[in-house]
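Asks: this is a predicted model, with the sequence first.
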Amino acid sequence: MTRPIEAAGLVRHFGDIVAVDGVDLVVDEGEIFGFLGPNGAGKSTTVRMLTTLLTPTAGSARVAGYDVVAQAGSVRRSIGVALQDAAIDPVMTGRELLRLQAVLHGIPRAEADARGGVLLERVGLSGAADRRVGTYSGGMRRRLDLALALVHEPTVLFLDEPTTGLDPMSRLALWEEVRRLNNEGTTVFLTTQYLEEADELAGRVAIIDGGRIVREGPPKDLKAAVGAPTLVVTVPGDQHAKATEVLSGFGGARPGRAGALAIGLHGGSTAMSGVLRALEDAGVEVEHVELDAPSLDDVFADATGRRLEGAEGPGSPDGQDPA
Amino acid sequence: MSAVVLDPHEVHIGTREAVEQARALARRSIVGTIRQPQVWLPGLLFPMFIAAVNTSTMGRSTSIPGFPEVDSLLDFLLPASITQSVLFGGLSAGSDTATDIQTGFFDRLLASPVSRTSILVGRLTGASVMGAFQAIVFMAVYGAFGVRLAGGVAAGLLLVVYAMVLALVIGGFAAMLALRTGSAEAVQNVFPLTFIALFISSAFFPTELMSGIYRSIATRNPVTWMVDGARHQVIVGLDWSEGARSLGVAAVLATLSILGANAALRARLRQAS
């Protein structure tokens, strides 16, 4: 069976920098596959290779059944791509850009106009279709970007950080549209640095860090594998050592926010009162305490020893690739 | 890395589809330019302003012995104004390409099954059509101030074609810079060079009346060869050999700059390999 996306040992170097270091991926038909990682982890470089914008240094990949290097033209006809930053010509109208995109995909004008109208309606831009894109809000641009990616009815849709910079309402609206597309059968490859986005949308996620995939699977399974919930305790700076000693008796240390201590709490929430008592007995003043159910951030921390939120990659040039 | 082996059964873009793509991209280029008057208006007004100043301050220079016989200095300056306008305006083909690269629109094009050549052809066709527009505007405005083309309608058509080819020269050169550097600023920095090329030529003063090194450079400047051929149609009359000289020089330069732009495009595409 032909899978929408298959990659084996995908590597990409930029000079001495290894941006992607042996990525293996399999995405099944009808999936929303989340590709999660911090800035510079290799997400965009991987997407650029899968969408034929970059040639892999080593390894191979097939998208929609076609090799991304030897059959790049066929790949381009089969995929829809919405890259970071919604690069849309501000002096053109939404309708004009849809028509242009349709021509680039070889769609006859009459059909392009009809399809454009349907897509504008679908993404809620009918009223703004004849306005220049420069007057659109960020959310409207993203929705137009999505419509542009769909004009030729692709079987595989690549969304590279589609909600970065959007307000919460626009983000929710875009999530809804992605779900709807997926329900209609489109396979979606979604890169994001937002944990919640991957958790909400993706049936499976791969977490990439330093150009390598460090975890892969359904979010539920990945979180379950982390096990215990994370207990986060904030104490005065001069009591950190004493608190760390007390906490070590209740679970293994986990990476925490600056100034806070975190452990994977054995025994779950029922053990929390015991921790607080032990800290009090040791004379530690607890300023703040919270118990977090395992999240994808915990999965990332478990795999890398760092927190994903606010994390930067180890320096690969994501988003600054040559064209 | 290993050499890329292409699948012989890979779907290729047909000529008809590539032409359609180039036409759509040319339309985008033209519409995009027209909707930004700040891009094209200075290129029209500035040469008119210079011509107006020259005519009022140096109008009597036409009576200097050796100056070509003209009704007014404006007759003499019409081809210069067209050349100046097209040289300035054609740079936008490059800066717009660079802007596409900087904003990511170029990647959007590359991720679609568009013929890579159509991207360049579309942009240069747009520049060429704008060149025709500029030539027509100058002939109309200067005509309103009494300039008559000695070569008649055919001379007018020749000037339009000259402007279109000249737009390819500067457009191709600017696109080459844009594709090499990806920087709109780098393209705009060429502006002073076009200015120098224009002023050390016969555009604003006949070479016969120049002297010294200035004359030596001007007589070897391709801008002189192009402007003189175009001017002949305005102030003397229709002359196909003069016209062919002007268009021929422009065509050779256009070919070179388009080849350069195409090489720059291929080099940019190879960067992804």
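Replies: On my side now, so go ahead. Just so we're clear, the structure is a prediction, and the values are computed from it rather than from any experiment.
Asks: which residues are in contact with B:Thr83?
Replies: By Cβ atoms under 8 Å, 6 or more residues apart in numbering or on different chains, B:Thr83 lies in contact with B:166, B:198, B:203, B:223, B:226-227, B:230. Where you see a C-beta, it was placed from the backbone N, CA and C, and this is true even at glycine.
Asks: could those residues go into JSON lines alongside secondary structure, distance to B:Arg270 and pLDDT?
Replies: Putting those into JSON lines (DSSP: H, G, I helix; E, B strand; the rest coil; distance: Cβ to Cβ, whole Å; pLDDT from 0 to 100) gives the following:
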{"residue": "B:Leu166", "secondary structure": "helix", "distance to B:Arg270": "30", "pLDDT": "96"}
{"residue": "B:Leu198", "secondary structure": "helix", "distance to B:Arg270": "35", "pLDDT": "92"}
{"residue": "B:Ala203", "secondary structure": "coil", "distance to B:Arg270": "39", "pLDDT": "93"}
{"residue": "B:Val223", "secondary structure": "helix", "distance to B:Arg270": "33", "pLDDT": "95"}
{"residue": "B:Met226", "secondary structure": "helix", "distance to B:Arg270": "34", "pLDDT": "95"}
{"residue": "B:Val227", "secondary structure": "helix", "distance to B:Arg270": "38", "pLDDT": "95"}
{"residue": "B:Ala230", "secondary structure": "helix", "distance to B:Arg270": "39", "pLDDT": "95"}
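Asks: average pLDDT across the host helix or strand of B:Gly248?
Replies: Assigning secondary structure by DSSP states H and E places B:Gly248 in helix B:240-271. When pLDDT is averaged over helix B:240-271, the result is 94.
Asks: try stretch B:78-95
Replies: On average, stretch B:78-95 scores 92.
Asks: okay, now the domains of chain A?
Replies: A:5-217, A:227-304 (automatic domain parsing).
Asks: can you give me the end-to-end span of the last one?
Replies: Which is domain A:227-304. End-to-end distance of domain A:227-304: 16 Å, with Cα to Cα, to the nearest Å as the criterion.
Asks: phi, psi of the closest residue to A:Leu261 other than its chain neighbours?
Replies: If you skip the residues right next to it in sequence, A:Leu261 has A:Val233 as its closest partner in space, 5.0 Å away by Cβ to Cβ, 6 or more residues apart in numbering or on different chains. Backbone geometry at A:Val233, expressed as degrees, to the nearest 10, gives phi -120, psi 130.
Asks: doesn't A:Ala243 make contact with A:Val233?
Replies: Yes: between A:Val233 and A:Ala243 there is a contact under Cβ atoms under 8 Å: 6.5 Å.
Asks: more neighbours: the two, which one.
Replies: Higher neighbour count among A:Val233 and A:Ala243: A:Val233, with 24 against 21, using other Cβ atoms under 10 Å in any protein chain shown.
Asks: and the strands in the chain?
Replies: No chain was given, so I picked chain A. Along chain A, counting by DSSP state E, strands occupy A:5-14, A:17-27, A:32-36, A:58-63, A:66-67, A:79-82, A:156-160, A:187-192, A:204-209, A:212-217, A:230-234, A:253-254, A:260-264, A:288-292.
Asks: got the angle for the first one vs strand A:156-160?
Replies: For the pair strand A:5-14 and strand A:156-160, the angle between their directions (axes from the mean of the first three to the mean of the last three Cα atoms, to 10 degrees) equals 40 degrees.
Asks: per-residue confidence for B:Gly14?
Replies: At B:Gly14, pLDDT is 84.
Asks: point to the residue nearest the middle of chain A.
Replies: Closest residue to the average C-alpha location of chain A: A:Thr192 at 1.9 Å, with Cα atoms, centre = their mean.
Asks: surely that residue is in contact with A:Ala198?
Replies: Yes: applying Cβ under 8 Å, one finds A:Thr192 in contact with A:Ala198, separated by 5.5 Å.
Asks: for chain B, what's its nearest residue on the stretch 51-200 of chain A.
Replies: Closest residue of the stretch 51-200 of chain A to chain B, Cβ to the nearest Cβ: A:Ala87 (3.1 Å).
Asks: how close does that residue sit to A:Ala149?
Replies: 12 Å (Cβ to Cβ, to the nearest Å).
Asks: tell me where chain B has strands.
Replies: Counting by DSSP E, chain B contains no strands.
Asks: so which residue of it comes closest to chain A?
Replies: In chain B, no residue comes nearer to chain A than B:Gly104, which is 3.1 Å away by Cβ to the nearest Cβ.
Asks: looking at the nearest residue to A:Val205 once chain neighbours are set aside now. What's its pLDDT?
Replies: Once flanking residues are discounted, A:Val205 sits nearest to A:Gly34: 3.8 Å by Cβ to Cβ, 6+ apart. As predicted, A:Gly34 sits at a pLDDT of 95.
Asks: dump the residue contacts of A:Gly34.
Replies: A:Gly34 neighbours (Cβ under 8 Å, 6+ apart): A:190-192, A:197-198, A:201-202, A:204-206, A:219.
Asks: follow-up on the earlier one: shared neighbours of A:Thr192 and A:Ala198, anything?
Replies: With contacts defined as Cβ under 8 Å, 6+ apart, the residues shared by A:Thr192 and A:Ala198 are A:34, A:36.
Asks: pLDDT wise, what is A:Gly292 at?
Replies: You called it Gly, but residue A:292 is Asp. Predicted confidence (pLDDT) for A:Asp292: 83.
Asks: who touches stretch A:147-155?
Replies: A:4, A:64, A:77-82, A:88, A:94, A:97-98, A:101-102, A:105, A:107, A:112, A:115-116, A:119-120, A:122-123, A:125, A:157-159, A:181, A:186-187, B:108.
Asks: 7 Å instead, please
Replies: Residues outside stretch A:147-155 that contact it (Cβ atoms under 7 Å, 6 or more residues apart in numbering or on different chains): A:4, A:64, A:78-82, A:97-98, A:101-102, A:105, A:107, A:115-116, A:119-120, A:123, A:157, A:186-187.
Asks: wait, A:Ser170 sits on A:Gly139?
Replies: Yes: taking Cβ atoms under 7 Å as the definition, A:Ser170 is a contact partner of A:Gly139 at 3.0 Å.
Asks: on that earlier part again, overlap of the contact sets of A:Val233 and A:Ala243?
Replies: With Cβ under 7 Å, 6+ apart, A:Val233 and A:Ala243 have common neighbours A:Leu261.
Asks: per-residue confidence at A:Asp298?
Replies: 84.
Asks: pull the contacting residues for it.
Replies: A:Asp298 makes contact with A:223, A:226, A:230, according to Cβ under 7 Å, 6+ apart.
Asks: setting aside sequence neighbours, what's the nearest residue to the last one?
Replies: Here the nearest residue to A:Thr230 in space, its sequence neighbours aside, is A:Asp292; by Cβ to Cβ, 6+ apart that works out to 4.7 Å.
Asks: tell me the pLDDT at A:Gly319?
Replies: 39.
Asks: re earlier: ok, A:Ala87 and A:Ala149, which is more surrounded?
Replies: Set side by side, A:Ala87 and A:Ala149 show more neighbours around A:Ala149, with 24 against 19, by other Cβ under 10 Å.
Asks: burial measure for the spatially closest residue to the more buried one that is not a sequence neighbour, as a count.
Replies: Distances taken as Cβ to Cβ, 6+ apart put A:Gly80 closest to A:Ala149, at 3.5 Å, once the chain neighbours are dropped. A:Gly80 has 26 neighbours, counted by other Cβ under 10 Å.
Asks: separation between A:Gly80 and A:Ala64?
Replies: 11 Å.
Asks: low pLDDT regions in the stretch 1-150 of chain B?
Replies: By pLDDT under 70, the weakly predicted segments of the stretch 1-150 of chain B are B:1-11.
Asks: which stretches of it form helices?
Replies: B:15-34, B:37-58, B:73-103, B:105-110, B:116-144 (DSSP state H, counting those that start in this stretch).
Asks: of those helices, which is nearest B:Leu177?
Replies: helix B:73-103 (5.5 Å; Cβ to Cβ).
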